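J.: sharing a sequence plus its predicted fold:
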Amino acid sequence: MRVMAQMGMVMNLDKCIGCHTCSVTCKQAWTNRTGVEYVWFNNVETRPGLGYPRMHEDQEKWGGGWVRTAKGKLRLRSGGRLKRLSRIFSNPKLPGLKDYYEPWTYEYDTLLNAPAGDDVPVARPKSLITGLPMQIRWSANWDDDLGGAPEYAPQDPVLKKLGDLVKLEFEKTFMFHLPRICEHCLNPACVASCPSGAMYKRVEDGIVLVDQDGCRGWRMCVSGCPYKKVYFNHRTGKAEKCTFCYPRVEAGVPTVCAETCVGRLRYIGLFLYDADAVLAAASVENEHDLLEAQRAVILDPNDATVIAAARAESIPEDWIEAAQKSPVYALTNRYRIALPLHPEYRTMPMVWYIPPLSPVVDAVSSTGADGEDKDTLFAAIDQLRIPVEYLAEIFSAGDPKPVEYSLRVLAAMRSYMRRINLGEERDESIATAVGMTGRTIEDLYRLLAIAKYEDRYVIPAAHVEAGLALDEIAGCSLDYAGGPGMGGTGPFGELATVPASVETFQLTKQRAEANRYADLPEGTGAVDLLTWSGGTPPRGMFPPRRDADGQDSP
Amino acid sequence: MNSFIWIVVPYVALTCFAVGLSWRYRYDKFGWTSRSSQMYENRLLAWGGPLFHFGILGVLVGHVVGLVIPADWTTRAGLSEENYHRMAVTTGVVFGLMTVVGLVLLVYRRRLTPSVFRATTGMDKAMYVMLGGVIAVGMYNSFVVQLLGPGHDYREDVAVWFRSVFWFQPDAGAMQGAPLSFQLHALMAMGLFALWPFTRLVHVFSAPVGYLVRPYIVYRSRDRHGSARPPRRGWEKVGS
Ligand code: SF4
Ligand code: SF4
């Protein structure tokens, strides 16, 4: 047993109202730059729907994730290492910009500067990629809230799997929102696909990151990730992905998406898991066993042998304590109602979901029946095959049982708590119907419905050596020209900056050597050599001149 | 003049190449990338990219064999001069054609796809001119001189000079006998090497061969996070 710690997240889908606050705050924090205009580390999909990028779940097409070979070994779906290397000159599985969308802006200038005339000036959309006027035909949430569902929803790869079962009749339709971030997988296909070895899983907390200095732009991670959660910065030529807001998490505060979530539906905490058991668990033959295998890899943090093994791996005491109080462990392994997203990709994703009961409740209530009555809800779960099987395709490799169990627990909690709210007597039989006790149901209710900030986010601060810690505090290490942490000037950064190259050499050097972020000179320092008119030395390429009195002058 | 071109220029170019590369690697790892434009356009790239790259890799091997291995070694290994020549010309023509077709596709794509053209920097353009020039003259040598023309045994002059540069006993006289087009090819190549470290061509040196042998999942510790900046005084790590 080799115990490792892993940051994990659970989202309670019943409470997601699809407001996209998480996406927007994430974008403002991480991807408001040129080159990543189309990048959404966090996005919220309406299901059934196409998702983002369009139809990313169709692995026949995109070749993401792992497959189990006949011999029982794991292999990346995109083939062996040599095959992947032979394709770095043009990766046939790479989504094009059209599979995301072409980012655009509007010619706002014409609104202000148009000469007086009879026609009202309009701001035409202009592509941020080509700089030319464009027609907007698709974007990140084009089918939001089932918009255009008759046209788009039937193409949903998950719905297609269900086949004839589904005829999306308007009155009988259902929908829910699915917020997605990188899963920070235990067996990450993106890391395995990276030819440069620039992607890595952090030993301390399992966060999966791209080393921006090591990435060489081979793009294999983008196609390797079955969730399409690695993006290519087309300006800098580097891969970028959700960072689990590691600078925040290291300081013990939750990710931006969780912090700002309007529905307060996200939980963050630690898992302790057995790193030696991951590969075997990801290779189990029957896809329906993957969920249980994944749960079994996660260790019980209250078990004395696990605690001893964790100490042996020098996991700090407060981290073990945090793992014991972890809300995510409680939801995945104790109450067993949180499920992983697409376990059949065999990457062991570490962002889990509590499936939504709302499609069932809505269906029941719309018939006029009592949407809070246990028996009615149980019967509905049994009868409403379409939502249940759809959820099963997403959360349990098509096995309806785990989804049914989660929904039953939620239904039982609903009717058990109603009695309390109405001042009626507690009805243990409701709890025993799902194999729980009244006490545990109330505990679960507290966690799901009224948990306070510090109960939803149990994040121990990182232990770093003092020197390094101060180093990081002095300025976000990603916060440099063109880097992932760089704040742009507009909502999408600057329109045309020179990508990191020889023209910004001196700046990069200063960045690498500066002791404090504040020591860095103002401005981007980017000067295009071909447009440089001579005279003064181009900014950013040479060290600042020193005057006689030792003062730096630009 | 002769010694300037064949003694001074190569060392200037090589210095520029070596110092430039190490400087860039030290200070601009972030800019060290192939900066792929595949996301913008893939129909032409799907052909042009592999054609050009596999072609140029073949050309590279040909140059190594032709320039580095002395003629009498191959003769002693049992390869007659005539056979060597035939082999060199056929492989040269095949890989050369792949390279040229690929490059033409890539340049056409770069110029005529608005998104790709917009993402092209000045350095890229300079690089394309140099690279295209070297390849054009090289193809002239392969086709017009070697295949259709009288042929020229560059292993007697160009290769001799090439090796002499690396022994630090540059033999400028050896280049005297080479046809003008061969001299031009060598000269332009030196220009390209001098420019190399400052262009996206640096990605050549990160050819990910290590991928074939490393474990699939990479773990790194937060503490080992390398940083180019020296620790501030008083904050050095224990033992450093
Ligand atoms: S979800 Fe995240 S960790 Fe998993 S394969 Fe994709 S990018 Fe990698
Ligand atoms: S902020 Fe919360 S409620 Fe709003 S879309 Fe995101 S996850 Fe859903």
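T.: In hand now; what should we look at? Ligands and ions are numbered 1, 2, ... in the order given.
J.: on contacts alone, who are the packing partners of the helix or strand harbouring A:Tyr405?
T.: If you go by DSSP states H and E, A:Tyr405 is part of helix A:400-421. If you count contacts as 3 or more C-beta pairs under 8 Å, 6 or more residues apart in numbering or on different chains; DSSP states H and E, helix A:400-421 packs onto strand A:339-340, helix A:358-366, helix A:374-383, helix A:385-395, helix A:428-432, helix A:438-445. Where you see a C-beta, it was placed from the backbone N, CA and C, and this is true even at glycine.
J.: pLDDT on the helix or strand containing B:Arg26, on average?
T.: In the assignment (DSSP H and E), B:Arg26 maps to helix B:9-27. Per-region confidence: helix B:9-27 scores 94 on mean pLDDT.
J.: check stretch B:184-200 too.
T.: Mean pLDDT, computed over stretch B:184-200, is 96.
J.: most tightly packed of the helices and strands packed on helix A:400-421?
T.: strand A:339-340 (a mean of 26; mean count of other C-beta atoms under 10 Å in any protein chain shown).
J.: near ligand 1, anything from that strand?
T.: No. Judged by C-beta under 6 Å from any ligand atom, strand A:339-340 makes no contact with ligand 1; its nearest approach is 10.8 Å.
J.: got the contact list for the helix or strand following that strand?
T.: Sequence-wise, the next helix or strand downstream of strand A:339-340 (DSSP H and E) is strand A:351-354. Contacts of strand A:351-354 with the rest of the structure, by C-beta atoms under 8 Å, 6 or more residues apart in numbering or on different chains, involve A:8-14, A:178, A:180-184, A:328, A:331-332, A:337-341, A:395, A:406, A:410, A:448.
J.: which helix in chain B has the most residues?
T.: helix B:81-112 (DSSP state H).
J.: touching chain A at all, it?
T.: No. Judged by C-beta under 8 Å from any C-beta of the partner chain, helix B:81-112 makes no contact with chain A; its nearest approach is 9.1 Å.
J.: which positions within that helix qualify as buried?
T.: B:84, B:88-89, B:92, B:95-96, B:98-100, B:102-103, B:105-106, B:109-110 (16 or more other C-beta atoms under 10 Å in any protein chain shown).
J.: name the residues that touch the next helix or strand after it?
T.: Per DSSP H and E, the first helix or strand lying C-terminal to helix B:81-112 is helix B:114-118. If you take C-beta under 8 Å, 6+ apart as the criterion, helix B:114-118 is touched by A:97, A:127, A:129-132, A:496, B:37, B:40-41, B:109-111.
J.: go on, stretch A:149-160?
T.: So stretch A:149-160 is in contact with A:47-51, A:55, A:57-58, A:142-143, A:146, A:166, A:168, A:170, A:173, A:390, A:393-394, going by C-beta under 8 Å, 6+ apart.
J.: from those residues, which land in strands?
T.: Those of the contacts of stretch A:149-160 mapping onto strands are A:Arg47, per DSSP state E.
J.: need the contact list for the residue minimising distance to the centre of chain A.
T.: In chain A, the residue lying closest to the centroid (C-alpha atoms, centre = their mean) is A:Ile181, at 0.8 Å. Going by C-beta under 8 Å, 6+ apart, A:Ile181 touches A:Met9, A:Cys26, A:Phe41, A:Asn42, A:Lys229, A:Cys242, A:Phe244, A:Thr255, A:Cys257, A:Val351.
J.: near ligand 2, which residues of chain A?
T.: Residues of chain A lying near ligand 2 (C-beta under 6 Å from any ligand atom): A:16-22, A:44, A:177, A:179, A:261-263, A:265.
J.: hey, where'd the helices end up in chain B?
T.: B:2-3, B:9-27, B:43-68, B:71-76, B:81-112, B:114-118, B:122-140, B:158-166, B:180-195.
J.: again with the stretch 101-250 of chain A
T.: Counting by DSSP state H, counting those that start in this stretch, the stretch 101-250 of chain A has helices at residues A:108-113, A:149-152, A:157-162, A:189-193, A:220-224, A:246-250.
J.: can I get these in TSV with mean neighbour count?
T.: Below are the helices of the stretch 101-250 of chain A laid out as TSV (neighbours: other C-beta atoms under 10 Å in any protein chain shown):
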stretch	mean neighbour count
helix A:108-113	10
helix A:149-152	14
helix A:157-162	18
helix A:189-193	27
helix A:220-224	27
helix A:246-250	20
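J.: distance to B:Ser80 added to those, as a markdown table?
T.: Converted to a markdown table, the helices of the stretch 101-250 of chain A look like this (distance: least, C-beta to C-beta, whole Å):
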| stretch | distance to B:Ser80 |
| --- | --- |
| helix A:108-113 | 72 |
| helix A:149-152 | 68 |
| helix A:157-162 | 61 |
| helix A:189-193 | 47 |
| helix A:220-224 | 44 |
| helix A:246-250 | 64 |
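J.: least confident of these, on average?
T.: Among the helices of the stretch 101-250 of chain A, helix A:149-152 scores lowest, at a mean of 77.
J.: for ligand 1, what is the nearest residue in chain B?
T.: Nearest to ligand 1 in chain B, going by C-beta to the nearest ligand atom, is B:Ile217, at a distance of 10.3 Å.
J.: would you mind measuring from that residue to B:Thr120?
T.: To B:Thr120, B:Ile217 is 36 Å away according to C-beta to C-beta, to the nearest Å.
J.: which one of these two is surrounded by more residues?
T.: B:Ile217 (19 against 15; other C-beta atoms under 10 Å in any protein chain shown).
J.: wouldn't A:Tyr345 be in contact with A:Gln59 here?
T.: Yes. Between A:Tyr345 and A:Gln59 there is a contact under C-beta atoms under 8 Å: 7.3 Å.
J.: could you name every residue contacting both of those two?
T.: With C-beta under 8 Å, 6+ apart as the test, A:Tyr345 and A:Gln59 both reach A:Gly65, A:Pro226.
J.: more crowded one of the two?
T.: Comparing A:Tyr345 with A:Gln59 by other C-beta under 10 Å, the one with more neighbours is A:Tyr345, at 27 against 18.
J.: in contact with whichever residue of chain B sits closest to ligand 2, which residues?
T.: Nearest to ligand 2, among the residues of chain B, is B:Met39, at 26.6 Å (C-beta to the nearest ligand atom). By C-beta under 8 Å, 6+ apart, B:Met39 lies in contact with A:Leu94, A:Pro95, A:Gly96, A:Leu97, A:Phe232, A:His234.
J.: and the second one, how far is that from A:Lys228?
T.: Going from A:Pro95 to A:Lys228 by C-beta to C-beta gives 7 Å.
J.: same question, the first one
T.: Using C-beta to C-beta, one gets 10 Å for the distance from A:Leu94 to A:Lys228.
J.: between the two, which one's more packed in?
T.: Comparing A:Leu94 with A:Lys228 by neighbour count (other C-beta under 10 Å), the higher total belongs to A:Lys228, at 25 against 19.
J.: low-confidence regions, chain B specifically.
T.: Low-confidence segments of chain B, defined by pLDDT under 70: B:223-240.
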